[in-house]
Structure formats: C-alpha cells, structure tokens
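>>> Sequence and predicted structure below; questions after.
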Amino acid sequence: MERLLKLPKRLGVIADYIEKGAAVADIGTDHGFLPVYLAQHNIASTIIASDISAGSLASARRTAAKYGVENRIKFVTAPGLDGVGEREVDTVVISGIGGENIAGIIAAAPWLRQQRVRLILQPQTKLDKLHDFLIENGYTIRDTSTVSDRDKLYTVILAGVDMKIELQKLTIADAPQWHKLQVEAYAPLLEKYQDHETSPAAESLTQVIARISAPSREHFFILKDGEIVGGVRTAWQLDTTRFRLGGIFILPRFRDMKIGQIAMNLVEARYPDAETWELETILQEERNIHFYEKLGYRRVGEEVVVNSNMTLVSYIKEVAN
C-alpha cells in the first residue's frame, strides 16, 4: 500500500489553491513536502522543487525518495526563480520566508507578470509590505486565507495579474492587417498539411475582403490588454439560431495563456440567440480537438479527407439559453 504524506495545515491551504493540472514551482521548498504531496495526489502536471540551499534540496530529495515520487519532481538548487524557465510553470509557490524577501524574488522575475503566473504566497513576516508591493506592481489579490498551525497563525495569499480580453469587430479597412495575422498564425499548419485549398494561410487579400464584406458574417480581432493577439470568424444562417465558428487563431507568442478559451466565451455571449454552434477542425491536431471538447463541443457527422495527411471533422455545441 502506498504511504501518503500528510501536509502541515499551512501547506494544506497552499495545496488547496493549486489547480488540477497546474505546472508548479515551489520556491524555498525546504523538505519538499508540498511537491511530494502534489505528486502523490496527481495534482500538478509539472513539479519543480527549488531551494537556494543544497542541504535543503538534498532533504527534499530524500523526502521524495521516501514516498516513491522522486522521478516526478525536478530538483533545482538556485536563488529565487533563477532555476525556473519563463514558460516552464503557470503557478509559483513561495512560502516560509519574509514578505520583503518574497517581494524581492517576484520583482527579480518580471516574466511572472508577463506570463500572468498564479502566485501562492505565505510570508512569515511583513505581510503588509508584501501586500503593498503586490498592489503597487499591478497584481490582484484574489483571495487570502488564515490558518493556525502549531499555535501560530499563517496567512496565505493568492495573487495574479488579470488579463483584459476583448473582441474588436473588423471593418474593410482592417482587411490587410487581418490577412497578415492570419497568414502568420496558420502558416505552420499549411506547411505541415499542404492544404492549399482550405488553409486560411493560403487565402489572398481579395478573398479576405470578400469574407469580411459578406452578409451574415463577422470578423473580430482578439485583444489582450489592448494588443491584437489573434482573431475569430463567425457566421450564421438568416432566420435561424444556427451559428458557425469559421475559425479562431491566437498568434504563437501568445498561446498557452488561456486567451482562446476566454475569447470563445466572449463570442458565445455576443450572440445570445444562438442555440447551436458548429465548426470544423483538423483531426490530426489533438490539441485543438481537446480545446473544443473541453468547451463542450461534441463530434458529429462524417470525416472529410482533405489529403493523405489531413482529415477534417465536425463539431457541434448546443447552448442552453
């Protein structure tokens, strides 16, 4: 029978803030209790245990070995976040040190804000200093919890930077910019599948203008904090409640930030009369398949073979109004 590690109460509160499937770095891991717990309970997809002290990291390795999860954890000896890659994690835990030290670690890693990393912080001292630092540097305090552990009170802060995602409707004047972005986003798929008859990357500017001008169709730029990061096309049949997603794309450098999911929700909210949404996607692109199914789409109809490399499949989503 597998032996399970029992977390101290203060670490239990931190664990409760970690989302299923998160990529987590535990900074100042000490004995490695939190990473071991996350591994044993399959909470995190990626787990990094980091500590400036080689001795502490050796202790964390021993804890992981004791519970049989040493192969699930990456161990790093480094100060602060120096041993963590900018796109390696989406959640950072810093606990067991003073609030000013935590603020210093965060300040030295500006990518935390840029990547909108989820911060779970448990300062031992100077909570007020940490709180002020977070607010002054654009972080939102999403939640706080206080727990008593061995006759001492601990406060855990959940913080992050909230994205502002918007849709901006295109006009004909926007066609050249849309065309350029569309080619950039879809070019890798065109090269991979050689689907010159169906790929948006192969469309001419004239075709784009015709699409934007067509009735019962709308094109939108997707904006993150005012910057264009992608686009989405919609269409509908007149006098029906059937709507179609013509395509959604996020530029490569802005992917893995959940922008597409937020944009899809905004699209659906824009058309409250829609009862169904339909779309086609590439069967071989498992990531896209997972994305749509996670949003409630289900596969229907027959497969359409475009060429020996690529097959299109249809999806539909019924909307509860």
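Perfect, I can see it now. Quantities reported herein were computed from a predicted structural model and do not represent experimental measurements.

>>> And the helix or strand bottoming out on mean pLDDT in the chain, what's buried?
Taking mean pLDDT, DSSP states H and E as the measure, the chain has helix 111-114 as its least confident helix or strand, at a mean of 86. Of the residues in helix 111-114, residue 112 count as buried by neighbour count, 16 or more other Cβ atoms under 10 Å. In short, each C-beta sits where N, CA and C put it, glycine included.

>>> again, but for stretch 143-160
Those would be 147, 154-160, for stretch 143-160 by 16+ other Cβ under 10 Å.

>>> Dump that stretch to PDB, restricted to CA.
This file holds the C-alpha atoms of stretch 143-160, laid out as PDB (Å, rounded to 0.1, in the frame of the first residue of the first chain):
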ATOM      1  CA  ASP A 143      -8.000  35.500  -2.100                       C
ATOM      2  CA  THR A 144      -6.400  35.200   1.300                       C
ATOM      3  CA  SER A 145      -6.700  32.500   4.000                       C
ATOM      4  CA  THR A 146      -5.500  32.400   7.600                       C
ATOM      5  CA  VAL A 147      -4.800  29.100   9.300                       C
ATOM      6  CA  SER A 148      -3.500  28.200  12.700                       C
ATOM      7  CA  ASP A 149      -0.700  25.600  12.700                       C
ATOM      8  CA  ARG A 150       1.100  24.600  15.900                       C
ATOM      9  CA  ASP A 151      -0.200  27.700  17.700                       C
ATOM     10  CA  LYS A 152       1.000  30.100  15.000                       C
ATOM     11  CA  LEU A 153      -1.200  32.000  12.500                       C
ATOM     12  CA  TYR A 154      -0.200  31.900   8.900                       C
ATOM     13  CA  THR A 155      -1.700  33.900   6.100                       C
ATOM     14  CA  VAL A 156      -1.700  32.600   2.500                       C
ATOM     15  CA  ILE A 157      -2.200  35.000  -0.400                       C
ATOM     16  CA  LEU A 158      -3.500  34.000  -3.800                       C
ATOM     17  CA  ALA A 159      -2.400  36.700  -6.300                       C
ATOM     18  CA  GLY A 160      -2.100  37.200 -10.100                       C
END
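
>>> Report the mean per-residue pLDDT for it.
Mean pLDDT, taken over the full extent of stretch 143-160, equals 91.

>>> Quick one: residues in contact with that stretch.
With Cβ atoms under 8 Å, 6 or more residues apart in numbering as the test, stretch 143-160 has contacts from 8-10, 12-14, 17, 95, 116-123, 127, 130-131, 134, 139-142.

>>> Secondary structure element holding residue 63?
helix 54-66 (DSSP states H and E).

>>> So which bits of the helix or strand following that helix are buried?
Using DSSP H and E, the next helix or strand after helix 54-66 towards the C-terminus is strand 74-77. Using 16+ other Cβ under 10 Å as the test for burial, strand 74-77 gives 75-77.
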